[in-house]
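Colleague: everything below, folded, please.
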Amino acid sequence: MEFINGALLLLNAAFVVSEFAALSFNVRPETPAPNFLPSPLNVTFRRGDLAVLICSVYNLGTKTVVWRRQEKSFPLTSGTMTVVADERIQIGHVDFKNQWDLMIKNVQPEDEGVYECQVASTNKHIRRMISLTVIDSRIEAPEISISEEQYVERGEPVTLHCNATGQHYTPDEIDWFRNGEKITSEKHNRIKLFKQLSIAQKTFTSILSIDKSSMEDNGVYVCRSSNMRIANTKVHVLNAETSNKKRGTYHDGYTNEQVSSGHMKSAASRIRELTFTYIFVFILQVFKY
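Modeller: The predicted model follows:
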């Protein structure tokens, strides 16, 4: 009897152990839920650009990322595949990376709207909304302008303005040249270059300034923007002596008319003197005889 009771206890213990083992094998550790890494929720691109809507998903596991427009139920992409018949739409993804970016080539104003980056799941859809704005880029072409041709006296200041406008972005830089040689503040101590930026108007302004001009400042000045637009002008530095003679003046300040008048007066006085001399000599000759 005791033997039978011992056998029953052993069987019962084996059953309990087997049940516990079965339960332990059926327990699966919970995997963390997918979540989105920080990325812009509002993006703006110009018409014709490559629009990139960033979606980074952490703990994706075996789940699939799906992109769709909010107002449409049909998906645009599923995983790395493009579902719609639009060759402009692709997924930017690298294996073992968290990025699942929606890329739209040659984006157009009709592509504007709210897009959803979704993680497909049996329980629920994890989603992030991204708003796309498309700006029409049909604006004036890039241009550049420079100050008009200048004439200055030697020693007077020279100031030239160069304004460069970009189509989409403000130009990065403006370079100056004089007679084909690049001008830099380090190499040309008398020349100062100032910069002004207007991001709103996409304009870069560069000002070339010379406090006291010299004859070596004569020449053709060229300004060139980083978007390869070029404008040129001329600067004429006049020597004071040369310019005064050209204007009909002398250093003493008398005009040609004044000088000519003086010459006429002096000639008339000489004629009078000669006339009186001849008369006086004639009178002497008369009294002598």
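Colleague: quick one: V237 from F204, how far?
Modeller: To F204, V237 is 27 Å away according to CB to CB, to the nearest Å. In short, each C-beta sits where N, CA and C put it, glycine included.
Colleague: more neighbours: which of the two?
Modeller: Using other CB atoms under 10 Å, the more surrounded residue of V237 and F204 is F204, with 24 against 21.
Colleague: which SSE is the nearest residue to that one once chain neighbours are set aside in?
Modeller: Counting by CB to CB, 6 or more residues apart in numbering, P171 is the residue found nearest to F204 once chain neighbours are left out, at 4.3 Å. Taking DSSP states H and E as the definition, P171 sits outside all helices and strands.
Colleague: does P171 really touch S226, like I thought?
Modeller: Yes: applying CB atoms under 8 Å as the test, P171 and S226 come out as touching, 4.8 Å apart.
Colleague: touching both of those two, which residues are there?
Modeller: A164 (CB atoms under 8 Å, 6 or more residues apart in numbering).
Colleague: which of those two has more neighbours?
Modeller: Neighbours per residue (other CB under 10 Å) separate P171 from S226, with P171 holding more: 23 against 15.
Colleague: so where's the chain uncertain?
Modeller: Per-residue confidence for the chain (pLDDT under 70) gives these ranges: 1-31, 122-124, 137-141, 240-289.
Colleague: go again with 50.
Modeller: By pLDDT under 50, the low-scoring segments of the chain are 11, 15-27, 243-265.
Colleague: tell me which stretches of the stretch 101-250 of the chain form strands.
Modeller: Assigned strands in the stretch 101-250 of the chain, in chain order: 101-104, 113-120, 126-135, 143-146, 150-153, 158-165, 174-178, 181-183, 191-198, 203-210, 219-225, 230-238 (criterion: DSSP state E, counting those that start in this stretch).
Colleague: R68 is nearest to which of those?
Modeller: Nearest to R68, of all the strands of the stretch 101-250 of the chain, is strand 113-120, at 5.3 Å by CB to CB.
Colleague: got the angle for that closest one vs strand 126-135?
Modeller: In terms of direction (axes from the mean of the first three to the mean of the last three CA atoms, to 10 degrees), strand 113-120 departs from strand 126-135 by 160 degrees.
Colleague: now do the contacts for the residue nearest to S56 when sequence neighbours are not counted.
Modeller: Leaving aside its chain neighbours, S56 sits nearest to L37 (3.8 Å; criterion: CB to CB, 6+ apart). When contacts are counted by CB under 8 Å, 6+ apart, L37 touches 56-58, 98.
Colleague: mind doing that once more with 7 Å?
Modeller: Counting by CB atoms under 7 Å, 6 or more residues apart in numbering, L37 touches 56, 58, 98.
Colleague: any idea how far it is from D136?
Modeller: L37 is 32 Å from D136, where distance means CB to CB.
Colleague: please apply the same query to M81.
Modeller: Going from M81 to D136 by CB to CB gives 31 Å.
Colleague: how about C117, what does it touch?
Modeller: Going by CB under 7 Å, 6+ apart, C117 touches 55, 65, 67, 100, 127-128, 130.
Colleague: just to revisit the earlier point, distance check, the residue nearest to F204 against R68.
Modeller: Using CB to CB, P171 is found at 39 Å from R68.
Colleague: one step back: got phi/psi on the residue nearest to S56?
Modeller: Main-chain torsions, L37, degrees, to the nearest 10: phi -80, psi 160.
Colleague: need the nearest residue in space to V158, chain neighbours excluded.
Modeller: Excluding its sequence neighbours, the residue lying closest to V158 (CB to CB, 6+ apart) is I210, at 4.2 Å.
Colleague: so what sits opposite that neighbour in the bridge?
Modeller: V158, I191 (DSSP bridges).
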